[in-house]
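J.: Whatever this is, show me its structure:
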Amino acid sequence: MFRIKKLDIFIAKQFGLLFVGTFFICQFVLMMQFLWRYVDELIGKGLSLDILAQFFWYMGLMLMPQAFPLAILLSSLIAFGNLGESSELTAIKAAGISLIQSMRSLIAIVCCISCISFYFQEVVGPESFVSFRQLLMSMKQKNPEVEIPEGIFYDGVSGSNIYVQKKDLNTGKLYGLMIFRINGGYDDHAIILADSGTMQSTAEKKHILLTLYSGEWFENMRQQDIAGPANVPYRRETFSKKRILLDFDGDFNMADAGGIATDARSKGMRQILHDLDSIREFNDSVGHAVFHEAQNNYLRLPSFNKKDSLKVMADISKGQLNFDSAFTKLPVDVKQSVIKRAADNAQMAAIDLDFKADYSTYLNRNERLHEIEAINKITLSLSCLIFFFIGAPLGAIIRKGGLGIPVIISVIVFIIYFILENTGMKMARDDNWTVWFGKLMGTAILTPIAVFFTYKANNDSVVFNIDLYKSILMRILGLRSKRHISSKEVIIEDPSYINDAQLLLHINNEIQQYNTEHRLLRLPNPIKVFFRPGNDQNIERINEMQENIIRDLMNTRDRAIITYLNRFPIVATHAHTRPFRRKWLNAITGIFLPTGIIFYLRMCQFRFRLHKDLTAITTNNELIVKRIAEITGTDYNSLKKT
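T.: Predicted coordinates:
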């Protein structure tokens, strides 16, 4: 029962080749999407190829668990879509093998991929995250390469703003230079003007050497000797050639990774669960300390005994107690001092409480982030199985392979999952939802969808029948299709024209009598509509007679009759009597007045439309009877008499 069969190997090969290709595609897409967040940290920094290679390597290792579910979804959908499109899936089912049996090899493979995903999140991911963050911090701290643009001030060199009017890319010369240097503040700055110059970095990449030609130097002079009689406000220097050395650290230095180790993403499941106990205990101790401090400083209440309380209540009842009497007796300057002191105390208390509230929010957020990361390691691994049981049944249902419809469906499913996961994560992180609810929302929504698709595909049920959904929607909106009757090339038996004409005239009489009895243009009694059973059997009988005549006249060779047949409307025989065929549904609809009014008006619309349809049927019947009289050479009046 559990031995490997040729079918398992065949389907595993189909899936494996597609999975490898789609995995690299998904990994590339995720890396490009992730790269846009840090593109500003990479451009213009002059990073070497080995640093960039490390950056992309660690990024790829971090994003592999996210690429697994999307690759499984796309590859399983394409694999079973190809099997269905080439009728191989039909042959498998014809051999008595169900869809679940044909998927068993892939289920084992996907379970292994889920375990690999969990391993990456548990072992490889935290180490890659620490290395990636350390590398990213080093990139942020590295100074950019000196690429001075033309026509604007460049502030990439610390302590200086450099303006270049024109650059010669062939010789590397700069023309029309203006350098604004700030050494010790805006009172101690220098402005350097030069006709031309060159720029180069020193060998150790710690400084920039500027060689300037034909220029002037203006500089404010700080007074070095306070007691000195001479005080030069600024100096001016004219030079033909001058060299200036600017501080510029262009080397790459690896940053310290000490602060990254406390991030939840840098820890495995065991370490997160271990640290959560310490974090919760520390948060509780901080909360108790803040509460006791506030209770002692801001919420302190004087101690009263029962006798004091009774005395105060007695004074209040006699109207002898005035809390502001002591304050009103104070001098004006003392009042102002008391008010100012109270305002300062309240402001300091508010500032202190705001600071402690921010610190408490940070501590609680850190605890929630650890819980989110622990749950995420499980849900991201389970998403591999969920996406497989969505992709494989969908491929078997739509029976379309390639990179067309499967890619569109995969993108839609992944976008839904991405929105649910990110919304739940952000709401849980900000303490708007509980962590379990926020992180399990995407899994809880997609799991029933996966079960539904698997059940439908295994039972060969129709899920994506567009005509079925179209007909249901048309029934809900009260729409209907038109007749499309065309003349037949081969007719075995001609219609019975005389009999059909007599029946059409009889139907006209029935319709006239029906209109007289039912008066469709009048509003019906709501009590009869919602609370009394009954169907309109007369209109059902008339419609059945009409359809039988239409089916008989479809065998005609006369184009005029074919035209008249296409004018017959398709009659709804139940919608004009009551909203639903079941009595209890009608009663519930009538009890809820707003809903009942909507369905009552809809039913009235169908009554007016039925009156219009019966008028059209009567007119068409007259025209067809006249045309039959012309074809058969029979007198029209004689047909009416018979």
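
J.: State the distance from the residue positioned nearest the centre of the chain to residue 191.
T.: When Cα atoms, centre = their mean is applied to the chain, the residue found nearest the centroid is residue 419 (3.1 Å). Separation of residue 419 from residue 191 (Cβ to Cβ, to the nearest Å) stands at 55 Å. Every residue, glycine included, has its C-beta placed from N, CA and C.

J.: Beyond the strand or helix carrying the residue nearest to the centre of the chain, next helix or strand please.
T.: Using DSSP states H and E, residue 419 falls within helix 405-429. Downstream of helix 405-429, the first helix or strand assigned by DSSP H and E is helix 435-458.

J.: Need the CA coordinates for that following helix. PDB is fine.
T.: Provided in PDB are the C-alpha atoms of helix 435-458 (Å, rounded to 0.1, in the frame of the first residue of the first chain):
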ATOM      1  CA  VAL A 435      -1.100  38.000  19.000                       C
ATOM      2  CA  TRP A 436      -2.700  34.600  18.300                       C
ATOM      3  CA  PHE A 437      -5.700  36.100  16.500                       C
ATOM      4  CA  GLY A 438      -3.500  38.400  14.300                       C
ATOM      5  CA  LYS A 439      -1.000  35.700  13.300                       C
ATOM      6  CA  LEU A 440      -3.400  32.900  12.800                       C
ATOM      7  CA  MET A 441      -6.000  34.900  10.800                       C
ATOM      8  CA  GLY A 442      -4.400  34.100   7.400                       C
ATOM      9  CA  THR A 443      -4.000  30.400   8.200                       C
ATOM     10  CA  ALA A 444      -7.500  30.200   9.600                       C
ATOM     11  CA  ILE A 445      -9.000  31.700   6.400                       C
ATOM     12  CA  LEU A 446      -6.900  29.800   3.900                       C
ATOM     13  CA  THR A 447      -7.200  26.400   5.500                       C
ATOM     14  CA  PRO A 448     -11.000  26.000   4.900                       C
ATOM     15  CA  ILE A 449     -10.400  27.200   1.300                       C
ATOM     16  CA  ALA A 450      -7.800  24.500   0.800                       C
ATOM     17  CA  VAL A 451     -10.100  21.800   2.300                       C
ATOM     18  CA  PHE A 452     -13.000  23.000   0.000                       C
ATOM     19  CA  PHE A 453     -10.900  23.000  -3.200                       C
ATOM     20  CA  THR A 454      -9.400  19.600  -2.300                       C
ATOM     21  CA  TYR A 455     -12.900  18.100  -1.600                       C
ATOM     22  CA  LYS A 456     -14.300  19.500  -4.800                       C
ATOM     23  CA  ALA A 457     -11.400  18.400  -7.000                       C
ATOM     24  CA  ASN A 458     -11.400  14.900  -5.500                       C
END
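
J.: Run through who's touching stretch 377-387.
T.: Identification of contacts with stretch 377-387 by Cβ atoms under 8 Å, 6 or more residues apart in numbering yields 65-66, 68-70, 72-73, 76, 110-111, 113-115, 117-118, 121-122, 269, 413, 417, 421, 439-440, 442-443, 446-447, 450.

J.: I'd like to know which of these are buried.
T.: For those, a neighbour count by 16 or more other Cβ atoms under 10 Å gives the buried set as 65-66, 68-70, 72-73, 76, 110, 113-114, 117-118, 121-122, 413, 417, 421, 439-440, 442-443, 446-447, 450.

J.: Can you show me the strands along this structure?
T.: Secondary structure of the chain, counting by DSSP state E: strands at 153-154, 160-167, 174-182, 189-201, 207-220, 234-247.

J.: Quick one: closest of those to residue 8.
T.: With Cβ to Cβ as the criterion, residue 8 lies closest to strand 189-201 of these, at 62.6 Å.

J.: by contact count, what packs against the closest one?
T.: On a contact count with 3 or more Cβ pairs under 8 Å, 6 or more residues apart in numbering; DSSP states H and E, strand 189-201 meets strand 174-182, strand 207-220.

J.: quick one, that strand and strand 207-220 angle?
T.: 160 degrees (axes from the mean of the first three to the mean of the last three Cα atoms, to 10 degrees).

J.: Excluding chain neighbours, give the residue nearest to residue 546 in space.
T.: residue 507 (5.9 Å; Cβ to Cβ, 6 or more residues apart in numbering).

J.: between the helices and strands packed on strand 189-201, which gets nearest to residue 608?
T.: Among the helices and strands packed on strand 189-201, strand 174-182 sits nearest to residue 608 (Cβ to Cβ), with 83.1 Å.

J.: The closest one pairs with which strands?
T.: strand 160-167 (antiparallel), strand 189-201 (antiparallel) (DSSP bridges).

J.: Would you format those strands as a markdown table with distance to residue 51 and mean neighbour count included?
T.: What follows is the strands paired with strand 174-182, written out as a markdown table (distance: least, Cβ to Cβ, whole Å; neighbours: other Cβ atoms under 10 Å):
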| stretch | distance to residue 51 | mean neighbour count |
| --- | --- | --- |
| strand 160-167 | 26 | 18 |
| strand 189-201 | 18 | 17 |
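
J.: Ok, which of those comes nearest residue 608?
T.: strand 160-167 (79.8 Å).

J.: and that closest one, how far out from the chain's middle?
T.: When distances are taken as Cα atoms, centre = their mean, to the nearest Å, strand 160-167 is centred 46 Å away from the chain's centroid.

J.: quick one: contacts of that strand?
T.: The contact list for strand 160-167 (Cβ under 8 Å, 6+ apart) reads 148-155, 173-182, 246.

J.: Would you list the buried entries among those residues?
T.: 148, 154, 174, 176, 177, 179, 181, 246.

J.: I'd like the residues you listed written out as a markdown table, with distance to residue 382 and pLDDT added.
T.: Listed next are these as a markdown table, based on distance: Cβ to Cβ, whole Å; pLDDT from 0 to 100:
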| residue | distance to residue 382 | pLDDT |
| --- | --- | --- |
| 148 | 53 | 73 |
| 154 | 52 | 78 |
| 174 | 60 | 87 |
| 176 | 64 | 90 |
| 177 | 62 | 88 |
| 179 | 61 | 86 |
| 181 | 60 | 80 |
| 246 | 56 | 78 |
